[in-house]
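Asks: make a model of this:
(one chain, ligands or ions: 1)
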Amino acid sequence: MSRLVYINGEMVPSEQATVSVFDHGLLYGDGVFEGLRSYSGKVFRLQQHVRRLYESAHAISLTIPMSPAEMCAATNHAVAANGIQDGYIRTIVTRGAGTLGLDPNRCSDPKVIIIADSIALYPEELYEKGLEIVTTSVIRNHPAALSPRIKSLNYLNNILAKLEGLKAGCVEALMLNHKGEVAECTGDNIFLVRDGTLLTPPLDAGILGGVTREAVVEIAGRAGIEVLKVALTKHDIYVANECFLTGTAAEVIPVVKLDDRSIGLGKPGPITLDLKAQFHELTRS
Ligand code: PMP
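Replies: Take a look at the predicted model:
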C-alpha cells in the first residue's frame, strides 16, 4: 500500500521516497533510528522515543536538523496523514550523502525519514503459549566498541543473532554480553520473575534502554512488585519461575523455554500475564 513518507519536511509518496546511494546511512550504517507504535492514532510514549533518538544521534555526533518538539510534531503528522490508527512508525536519521570514504564530516544534509505504516503483529498463539528461545553464540556488541544503547542503523549484530535463532526454529534469541551475562534478545528486552520479584539486566549489561522495559518497570512499581536491575546469567533464566520479553512491536510476550529447558511450569506465569494485561490496558485506554 502506498504511504506518504516524511522526508526532511515534505510528505512524499512512498514510491518516490528515496535517498542517495552516497548516503552514509546506506554505505556504512551511519545513522540512528527508532521504532514506535501508535494506538488509536496516538503515538505511545512519543517523547521517550524522541529523547532516545536524540541521545543516539548525540552519541554518534550527528546533529538532527530539527528540534525534538518538531520531531514529535512531524511524527504525529506522518501518522495522521496516512490515516494510521494502530500502526508502527519507523523514524530514521542518516548521516546524509557524502563521499565513498568514511569521513562523516564530508557528509552534508542528514536525512530525516518517518515511515508510518500498519503493524505486522506476532500471531496471537505465541502470546498464549509463550515463546521458546535459544541462546545464540553471537554476543551483544561490546559497549566500548558500539554501545547497544545507541539505536544505530547498523543492526548486523542483532541480525546475525536472529539468523542463528531462526535456524534453530526460534523467532527470538537470547544474546549474552562480553562477560557472559544475559544482555537482551535480538529486538526485545528480557525480564525474569523469581519468588515474586521482577529481575532485568541493568543498562550497563550492554542493552538498549527499552521504552517498553521502562513502562513495565513503572507498571510493576505501581502494582507493588519489587523490580531489581541486576546482572543475570543463563542459569538465572533456567531456574526462574517466569520469563517474558518486552518491545515496541512485541509488547509483553511470555517465554516458556530457553535452550530446551522449561522455565517454571513451562507455561506463561501469573505475574507475566498480569503485567501483559496491564500493559495492554495502558496502551489501549
Ligand atoms: N532491544 C533491542 C536490541 C531492540 O532493538 C529493541 C526494539 N527497539 C528493544 C530492546 C526494545 O525496545 P523498545 O521497548 O523501546 O521497543
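Asks: residue numbers of the stretch 51-200 of the chain in contact with the ligand?
Replies: 158, 184, 187-189 (Cβ under 6 Å from any ligand atom). For every residue, glycine as well, the C-beta is placed using N, CA and C.
Asks: got TSV for these, with pLDDT, secondary structure and neighbour count too?
Replies: What follows is these, written out as TSV (pLDDT from 0 to 100; DSSP: H, G, I helix; E, B strand; the rest coil; neighbours: other Cβ atoms under 10 Å):
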residue	pLDDT	secondary structure	neighbour count
158	98	helix	21
184	98	strand	27
187	97	coil	21
188	98	coil	27
189	98	strand	23
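Asks: format the residues you listed as CSV; extra columns: distance to residue 262.
Replies: Converted to CSV, these look like this (distance: Cβ to Cβ, whole Å):
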residue, distance to residue 262
158, 26
184, 21
187, 24
188, 20
189, 22
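Asks: report the two of those residues separated the most.
Replies: The largest separation in those, counting by Cβ to Cβ, is between 158 and 189 at 12.7 Å.
Asks: OK, contacts around residue 136?
Replies: Contacts for residue 136 (Cβ atoms under 8 Å, 6 or more residues apart in numbering) come out as 160-161, 164-165, 173-175, 186.
Asks: mind checking which of the residues you listed are buried?
Replies: 161, 164-165, 173-175, 186 (16 or more other Cβ atoms under 10 Å).
Asks: among those, which one sits closest to the ligand?
Replies: Distance to the ligand, by Cβ to the nearest ligand atom, is smallest for residue 186 among these, at 6.4 Å.
Asks: tell me the confidence at the closest one?
Replies: Residue 186 carries a pLDDT value of 98.
Asks: quick one, what contacts it?
Replies: Contacts of residue 186 by Cβ under 8 Å, 6+ apart are 136, 158-159, 161-162, 165, 172-173, 175.
Asks: look up phi and psi at it.
Replies: phi -60, psi -30 (degrees, to the nearest 10).
Asks: strands along the stretch 1-150 of the chain, start to end?
Replies: Assigned by DSSP state E, counting those that start in this stretch, the strands in the stretch 1-150 of the chain fall at 4-7, 10-13, 31-39, 42-43, 87-94, 112-118, 131-135.
Asks: just put the ones you listed in CSV and tack on mean pLDDT.
Replies: CSV is the format used below for those (pLDDT from 0 to 100):
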stretch, mean pLDDT
strand 4-7, 98
strand 10-13, 98
strand 31-39, 98
strand 42-43, 98
strand 87-94, 98
strand 112-118, 97
strand 131-135, 98
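Asks: reformat those as a markdown table; add mean neighbour count.
Replies: Compiled in a markdown table, these are given as follows (neighbours: other Cβ atoms under 10 Å):
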| stretch | mean neighbour count |
| --- | --- |
| strand 4-7 | 21 |
| strand 10-13 | 12 |
| strand 31-39 | 22 |
| strand 42-43 | 16 |
| strand 87-94 | 22 |
| strand 112-118 | 20 |
| strand 131-135 | 21 |
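Asks: any idea which of these gets closest to residue 238?
Replies: Comparing the strands of the stretch 1-150 of the chain under Cβ to Cβ, the one sitting nearest is strand 131-135, at 10.4 Å.
Asks: show me what the closest one packs onto, helices and strands only.
Replies: Helices and strands touching strand 131-135, by 3 or more Cβ pairs under 8 Å, 6 or more residues apart in numbering; DSSP states H and E, are helix 156-167, strand 173-176, strand 251-258.
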